[in-house]
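Enquirer: Sequence and predicted structure below; questions after.
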Amino acid sequence: MTRFHIATGQHIESPTLDRLLRDHGAGYVDGEAAFISLSWLRDHDKPSEERAVELDAMIRYAEARGWSSGGYVQAHIERHEPPRAV
């Protein structure tokens, strides 16, 4: 895992994304970053053993760089155009 992000449609504004994350107990938005609950990640990812090791490594990496604290890990928000019908 080299980059932790949330992908969303370009039309989803930060307050809406914040509400969605909070409503699902997944985290919150602060500025242009999302903060995802580590317990939510572990409970909802249901990773294979290999993926669990990668997730733990990503969390340690984020903690070492100050991107994780208080039970949350920072995620980039990537906004994409919706696919066009052909």
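Expert: Looks like it arrived, so ask away. Numbering: from 1, shown residues only.

Enquirer: use CA for all of it now, contacts and neighbours both
Expert: Noted.

Enquirer: What is the helix or strand hosting residue 41 packed up against?
Expert: Using DSSP states H and E, residue 41 sits within helix 38-45. Here helix 38-45 touches no other helix or strand, going by 3 or more Cα pairs under 8 Å, 6 or more residues apart in numbering; DSSP states H and E.

Enquirer: Could you point out the helix or strand that follows that helix?
Expert: The helix or strand immediately downstream of helix 38-45 is helix 49-64, counting by DSSP H and E.

Enquirer: isn't there a helix covering residue 17?
Expert: Yes: judged by DSSP: H, G, I helix; E, B strand; the rest coil, residue 17 forms part of a helix.

Enquirer: Near it, how many residues? Count them for me, please.
Expert: 18 (other Cα atoms under 10 Å).

Enquirer: Also residue 25?
Expert: 13.

Enquirer: Find the nearest non-adjacent residue to it, please.
Expert: Distance criterion Cα to Cα, 6 or more residues apart in numbering; nearest residue to residue 25, sequence neighbours excluded, is residue 40 at 7.1 Å.

Enquirer: what do you get for residue 82?
Expert: Spatial nearest neighbour of residue 82, chain neighbours left out: residue 9 (6.2 Å); criterion: Cα to Cα, 6+ apart.

Enquirer: my read: the residue nearest to residue 25 touches residue 24, true?
Expert: No: if you go by Cα atoms under 8 Å, residue 40 and residue 24 don't touch, sitting 9.2 Å apart.

Enquirer: Have a look at these two and say which one is more surrounded.
Expert: More neighbours surround residue 40 than the other of residue 40 and residue 24, with 15 against 10 (other Cα under 10 Å).

Enquirer: Let me see the confidence value for that one.
Expert: Note on residue 40: pLDDT of 92.
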